[in-house]
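J.: sequence and predicted model, in that order:
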Amino acid sequence: MIDEDWHRVCRTTELGDEEVTQLWIGDTPLAVYCIHGEYYATSDICSHHGANLSEGYIEDDMIECPLHQGCYHIPTGEVRKGPACEDLPTYPARVEDGWVFVQYAEDNE
Ligand code: FES
């Protein structure tokens, strides 16, 4: 049952350090990050005006929104700079056999 909620994202070699990629699960876009060898996943939708954070800029462990430069802490999803206004949902990520997986239940919402 739990395994059904794990979604394959990409090979680890396809997501370099301080890079982000987008993964759609059903109608939901997630942002998946590699930060100093660790993998993280958050909602891809900025809480301010809905920009895709996977098109933003990573600095250290923060993602900056490409539209109005709001910032979030990637591991926790916490807002660190406005105008982003609500923390991001975060999701577990793991590596297995060279692949990155994210856990997301489609009935999450
Ligand atoms: S849409 Fe992200 S800060 Fe405005």
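T.: Done, it's in.
J.: what about Leu30, which helix or strand?
T.: strand 28-35 (DSSP states H and E).
J.: and that strand, what does it pack against?
T.: Strand 28-35 is packed against strand 19-25, strand 38-43, strand 99-103, with contacts defined by 3 or more Cβ pairs under 8 Å, 6 or more residues apart in numbering; DSSP states H and E. In this view, the C-beta of every residue, glycine as well, is placed from N, C-alpha and C.
J.: could you save these as CSV and add columns showing distance to Glu55 and mean neighbour count?
T.: Shown next, in CSV, are the helices and strands packed on strand 28-35 (distance: least, Cβ to Cβ, whole Å; neighbours: other Cβ atoms under 10 Å):
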stretch, distance to Glu55, mean neighbour count
strand 19-25, 8, 16
strand 38-43, 14, 21
strand 99-103, 18, 19
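J.: now those as TSV including distance to the ligand and mean pLDDT?
T.: Formatted as TSV, the helices and strands packed on strand 28-35 follow (distance: least, Cβ to the nearest ligand atom, whole Å; pLDDT from 0 to 100):
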stretch	distance to the ligand	mean pLDDT
strand 19-25	14	96
strand 38-43	12	97
strand 99-103	22	96
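J.: just for this protein, where's the confidence low?
T.: Where the chain drops to pLDDT under 70, the residues are 1-3, 108-109.
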